[in-house]
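Novice: Got a predicted model here, sequence first, then my questions.
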Amino acid sequence: MDFQQAQARFEGLEAQLRAGQISPQQYQAGLNELRVMDAWGRLWMPQAHTGIWHVFQNGAWVAAQPPVPVAAPPPAYAPPPVAQVPPPASKPDSSLAFKYFRFFVIWAVTWVLIAGGYWLFYGSSHQDEAGEAFIGIGVAAALSLVLLLFSLRGGWKGQVVEIRVERKKEADDDGFVGLAETRYAMILQPNGQVRKELAMPNWQVGDWLEKKQGENWVRWRSGTPER
């Protein structure tokens, strides 16, 4: 049973109870059968009379938004579907090249300023050391370019279905060992795969996220389904 089927059965039970066709005991028995297990093994069920979905975690039922939208059951009669004209083939994103070019210009200007600043304030008076210094600056610039291109490549989007806090031991310079907490967002993508990303402080379950190719930031929408 999936979430849509469980939602349809729940509304059927509500209608039968209001019409007096079933007793409260029969209603509760039917409600107890409306349990759905998601892809992560979590158990879900709607609350009596309100229909608010709850997930069983940490030994208790907690109100939460299901990982997939729960649509209302279809009406008894639906008109025949209207034939749809297939959308035109998507054109290449002409702005993608501009995005890459813009970041490249910013990268080039930044490292030119770093190299120029070094030469102006130190290298010109220590020319015997300048050669090795410029080699180091060039290596750092190349590594930063690789990291920049890596952050710009690819894209993804999806809905946050879980915020997970992971703890691991870390030691400081004095050898003190403590627990470091890291928040991760589990993001359900349209293809059904789950992506794990470091969570920003304002990210919550139900939010919609999108990272576009050619950008190194994540677009965020608070709990609003995609249209």
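Specialist: Nice, I can see it. Residues are numbered from 1 along each chain as shown.

Novice: only C-alpha atoms for contact and neighbour calcs from this point on.
Specialist: Noted.

Novice: where does the chain dip in pLDDT?
Specialist: 68-94, 172-177, 223-227 (pLDDT under 70).

Novice: Could you list the domains of it?
Specialist: Annotated domains of the chain cover 3-63, 94-152, 156-221 [automatic domain parsing].

Novice: could those domains be laid out in a markdown table, adding mean neighbour count?
Specialist: Below are these laid out as a markdown table (neighbours: other CA atoms under 10 Å):
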| stretch | mean neighbour count |
| --- | --- |
| domain 3-63 | 15 |
| domain 94-152 | 13 |
| domain 156-221 | 15 |
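
Novice: Provide the partner residues of Trp61 in its beta bridges.
Specialist: For Trp61, the beta-bridge partners are Phe56 (DSSP bridges).

Novice: I'd guessed it sits against His54; true?
Specialist: Yes: if you go by CA atoms under 8 Å, Trp61 and His54 touch, sitting 5.7 Å apart.

Novice: so what's in contact with those two at the same time?
Specialist: Shared contacts of Trp61 and His54, defined by CA atoms under 8 Å, 6 or more residues apart in numbering, are absent.

Novice: Okay, now the sheet partners of the longest strand seen in the chain, with direction.
Specialist: Taking DSSP state E as the criterion, the chain has its longest strand at strand 156-171. When pairs are called by DSSP bridges, strand 156-171 turns out to pair with strand 177-188 (antiparallel), strand 208-211 (antiparallel).

Novice: Take the ones you listed and lay them out in JSON lines including distance to Arg195.
Specialist: Compiled in JSON lines, these are given as follows (distance: least, CA to CA, whole Å):
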{"stretch": "strand 177-188", "distance to Arg195": "5"}
{"stretch": "strand 208-211", "distance to Arg195": "11"}
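
Novice: just the strands in the protein please.
Specialist: Listed in chain order, the strands of the chain (DSSP E) span 36-37, 43-46, 53-57, 60-63, 156-171, 177-188, 194-198, 208-211, 219-221.

Novice: Determine which of those strands approaches Glu11 most closely.
Specialist: strand 43-46 (10.3 Å; CA to CA).

Novice: Within its sheet, name the partner strands of the closest one and how each one runs.
Specialist: strand 36-37 (antiparallel), strand 53-57 (antiparallel).

Novice: Make JSON lines from those strands and add distance to Trp44 to it.
Specialist: Converted to JSON lines, these look like this (distance: least, CA to CA, whole Å):
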{"stretch": "strand 36-37", "distance to Trp44": "5"}
{"stretch": "strand 53-57", "distance to Trp44": "4"}
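
Novice: I'd like to know which of those strands lies nearest to Ala15.
Specialist: strand 53-57 (18.2 Å).

Novice: Contacts for the closest one next, please.
Specialist: The contact list for strand 53-57 (CA under 8 Å, 6+ apart) reads Arg42, Leu43, Trp44, Met45, Pro46, Gln47, Trp61, Val62, Ala63, Ala64, Gln65, Pro66.

Novice: Glu33 is nearest to which of the strands paired with strand 156-171?
Specialist: Nearest to Glu33, of the strands paired with strand 156-171 and by CA to CA, is strand 177-188 at 26.0 Å.

Novice: and the closest one, how far out from the chain's middle?
Specialist: Taking CA atoms, centre = their mean, to the nearest Å, the mean C-alpha location of strand 177-188 is offset from the chain mean by 14 Å.
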